[in-house]
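# Here's a sequence, model it:
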Amino acid sequence: MKVLVVGNGGREHALAWKIKQSPLVKELYCAKGNAGIWKIAKKVDIEPTDIENLVKFAKENKIDLTVVGPEQPLSEGIADRFLQEGLKIFGHKKASAMLESSKVFAKNFMKKYGIPTAFYETFEEEDKAIDFIKKMGAPIVIKADGLAAGKGVIVAMTEEEAINAVKDMFSGKFGKASQRIVIEEYLDGEEASYIAMVKGDKLVPMATSQDHKRVYDNDKGPNTGGMGAYSPTSVITPEIEKQILEKIMYPTLKGMIQEGREMSGFLYAGLMIGSKGINVLEFNVRMGDPETQPIMRRLQSDLVEHILQILEGDIDNVKPQWIDKYSVGVVMASKGYPDKYEKGKEITGIEEAEKDPDVVVFHAGTNIKDGKLVTDGGRVLTVTATGKNIKEAVEKVYNATSKIHFEGAHYRKDIGYRELNRKK
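The predicted model follows:
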């Protein structure tokens, strides 16, 4: 069969890498991809949000299955258009993607269906938002309503920081995404990612994972799209997983059906597990990035087979198999990320890093220029390694990362630190 992956990042490279392993797949395409993906898939020179041309390509090339990586094309209705043309696609319709594309919708939805989440208010006026901050105090969390590539959330530790974040958002820092904002209480505890493949009111859990959002070690600095992740995470115990399913995942699927927004694709719950129990920080309607990279390294069974079974209504028989190892992914970013950064810096050392059979380097912001591999984004690579325990996986991943070079490269040195501390 012919499979098309839509997206350009590290998540899409990891999905393509796994899809390529399926004996069902004869030809693999990616729109638009990156330099790593183009080694294993045919490049389709169409942007992920150019939906009409993607539909045209899929029809003309008789694509049997399309898997969508990023949130933007889902929120713009790619699944709706593909389904209208009778094309098989794994990804949510526009109405379902609202769970991610609007923080206000998501918070109101959770309130309506009793899904645990932080206390919040929504605002469209700067003055009222600032008054609310003064009343609530800090720490406090400010969120842009719309999509902002994982950067539209400010965890303000002081009132001044919170007020400045509000002013930035209403002055257009995130464009239309921050014309409306959510301000919510700060929750303490430990973040974890819970991802499932879903269809209607049923789901198949993926392996657990934990992301590291802040740009610097010890969770300092601004939020990013994610600086690294590991899988599994022992913060999600069997008892906690049972609660996540009963109080969050299944009520969400049922609530979305009641809203006329039935889901079909990946569903990601970003959770805070702490003194106030298990609360949803955010929902995403796709796999996480960088969580996908370590998760795909651990998936033993056939992802394509699983997706086809789900789309054909046989979700009850989907039983993913996972290797009994830890997997860690470290994001190497361009100088300046998550703010302004330069492109076009030559990348070396990937082949050397991948000499270890437990290491796979996934590309994100990469391109080929004058025959050389160069940087082409904020998050450039995710270096992944597997190990029999978290300590071994962390040692392997940092040994590999140290062999890769590009001007201005920076990465966190403490990915997986919470798990390492728990295992001491």
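# Over to the residue nearest to the spatial centre of the chain: give its phi and psi.
For the chain, Gly288 is the residue whose C-alpha lies nearest the centre (C-alpha atoms, centre = their mean; 1.8 Å). As for Gly288, its main-chain torsions (degrees, to the nearest 10) stand at phi -80, psi 160.
# Output the below-cut-off pLDDT ranges for the chain.
For the chain, residues meeting the criterion pLDDT under 70 lie at 150.
# so what are the domain limits for it?
2-93, 125-179, 190-317, 326-422 (automatic domain parsing).
# Can you name the next helix or strand after the helix or strand harbouring Ile240?
According to DSSP states H and E, Ile240 maps onto helix 238-244. Once the chain leaves helix 238-244, the next helix or strand it forms, by DSSP H and E, is helix 250-258.
# Show me how far the helix holding Ile240 is from its chain's centre.
21 Å (C-alpha atoms, centre = their mean, to the nearest Å).
# Which neighbouring elements make contact with that helix?
strand 264-274, strand 277-284 (3 or more C-beta pairs under 8 Å, 6 or more residues apart in numbering; DSSP states H and E). For the C-beta atoms, the positions are set from N, CA and C on the backbone; glycine is no exception.
# Okay, buried residues for the first one please.
Taking 16 or more other C-beta atoms under 10 Å as the basis for neighbour counts, the residues of strand 264-274 that come out buried are 264-273.
# Export stretch 130-140 to CSV, keeping only CA atoms.
Coordinates of each C-alpha in stretch 130-140 appear next as CSV, following Å, rounded to 0.1, in the frame of the first residue of the first chain:
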residue,chain,number,x,y,z
ILE,A,130,-5.0,42.4,34.8
ASP,A,131,-7.6,43.0,37.5
PHE,A,132,-8.1,39.2,37.8
ILE,A,133,-4.3,38.6,38.1
LYS,A,134,-4.2,41.2,40.9
LYS,A,135,-7.0,39.5,42.7
MET,A,136,-5.6,35.9,42.2
GLY,A,137,-1.9,36.7,42.8
ALA,A,138,1.0,34.6,41.5
PRO,A,139,2.2,32.1,40.5
ILE,A,140,-0.5,32.0,37.8
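# Buried residues of it, list them for me.
In stretch 130-140, counting by 16+ other C-beta under 10 Å, buried: 130, 133, 136, 138-140.
# Check stretch 162-179 too.
So, applying 16+ other C-beta under 10 Å, buried residues of stretch 162-179: 162-163, 165-166, 169-170, 173-174, 177-178.
# Check stretch 319-329 too.
Buried, per 16+ other C-beta under 10 Å, within stretch 319-329: 320, 322, 325-329.
# Need those residues in JSON lines (columns: distance to Val3).
JSON lines is the format used below for the buried residues of stretch 319-329 (distance: C-beta to C-beta, whole Å):
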{"residue": "Pro320", "distance to Val3": "18"}
{"residue": "Trp322", "distance to Val3": "22"}
{"residue": "Lys325", "distance to Val3": "27"}
{"residue": "Tyr326", "distance to Val3": "29"}
{"residue": "Ser327", "distance to Val3": "23"}
{"residue": "Val328", "distance to Val3": "27"}
{"residue": "Gly329", "distance to Val3": "23"}
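# Where do the strands of the stretch 251-400 of the chain begin and end?
Here the stretch 251-400 of the chain has its strands, by DSSP state E, counting those that start in this stretch, at 264-274, 277-284, 326-333, 359-363, 366-369, 372-375, 379-387.
# again, but for the stretch 101-250 of the chain
120-123, 140-144, 153-156, 181-185, 190-199, 202-205, 210-211, 214-216, 220-223, 228-231.
# Among those strands, which comes closest to Ser96?
Taking C-beta to C-beta, strand 190-199 is the member of these nearest to Ser96, at 9.5 Å.
# Just the CA atoms of the closest one, as PDB, please.
Extracted as PDB, the C-alpha positions of strand 190-199 are listed here (Å, rounded to 0.1, in the frame of the first residue of the first chain):
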ATOM      1  CA  GLU A 190       4.700  16.700  38.000                       C
ATOM      2  CA  GLU A 191       3.700  16.800  34.400                       C
ATOM      3  CA  ALA A 192       3.100  13.700  32.300                       C
ATOM      4  CA  SER A 193       1.800  12.900  28.800                       C
ATOM      5  CA  TYR A 194      -0.900  10.400  28.200                       C
ATOM      6  CA  ILE A 195      -1.500   9.600  24.600                       C
ATOM      7  CA  ALA A 196      -4.000   7.200  23.000                       C
ATOM      8  CA  MET A 197      -5.300   6.200  19.600                       C
ATOM      9  CA  VAL A 198      -9.000   6.800  19.600                       C
ATOM     10  CA  LYS A 199     -12.200   6.200  17.600                       C
END
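# Determine the number of other residues adjacent to Lys391.
Lys391 is flanked by 15 other residues according to other C-beta atoms under 10 Å.
# Look up the closest residue to it, ignoring the ones flanking it.
Leu420 (6.4 Å; C-beta to C-beta, 6 or more residues apart in numbering).
# The one helix or strand that neighbour maps to: which residues count as buried?
Taking DSSP H and E as the definition, Leu420 sits inside helix 417-422. Within helix 417-422, the residues that qualify as buried are 417-420, counting by 16+ other C-beta under 10 Å.
# Going by distance to Ala16, which of these wins?
Glu419 (27.3 Å).
# what's the closest one in contact with, if anything?
By C-beta atoms under 8 Å, 6 or more residues apart in numbering, the residues touching Glu419 are 210, 230, 233-235, 326, 390.
# neighbours around the residue lying closest to Thr375 once chain neighbours are set aside, how many?
Excluding its sequence neighbours, the residue lying closest to Thr375 (C-beta to C-beta, 6+ apart) is Lys345, at 4.5 Å. Per other C-beta under 10 Å, the neighbour tally for Lys345 reads 19.
# Just list the residues touching Lys345, thanks.
Taking C-beta under 8 Å, 6+ apart as the test, what Lys345 contacts is 334, 374-375, 406-408.
# where exactly do the helices run in the stretch 1-150 of the chain?
10-20, 51-60, 71-75, 78-84, 94-101, 103-113, 126-136 (DSSP state H, counting those that start in this stretch).
# Can I get the second one as PDB, trimmed to CA atoms?
This file holds the C-alpha atoms of helix 51-60, laid out as PDB (Å, rounded to 0.1, in the frame of the first residue of the first chain):
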ATOM      1  CA  ILE A  51      -5.000  21.000   1.900                       C
ATOM      2  CA  GLU A  52      -6.500  21.100  -1.700                       C
ATOM      3  CA  ASN A  53      -3.200  20.200  -3.300                       C
ATOM      4  CA  LEU A  54      -2.700  17.400  -0.800                       C
ATOM      5  CA  VAL A  55      -6.100  16.000  -1.700                       C
ATOM      6  CA  LYS A  56      -5.200  16.300  -5.300                       C
ATOM      7  CA  PHE A  57      -1.900  14.500  -4.800                       C
ATOM      8  CA  ALA A  58      -3.500  11.700  -2.700                       C
ATOM      9  CA  LYS A  59      -6.100  11.100  -5.400                       C
ATOM     10  CA  GLU A  60      -3.700  11.200  -8.400                       C
END
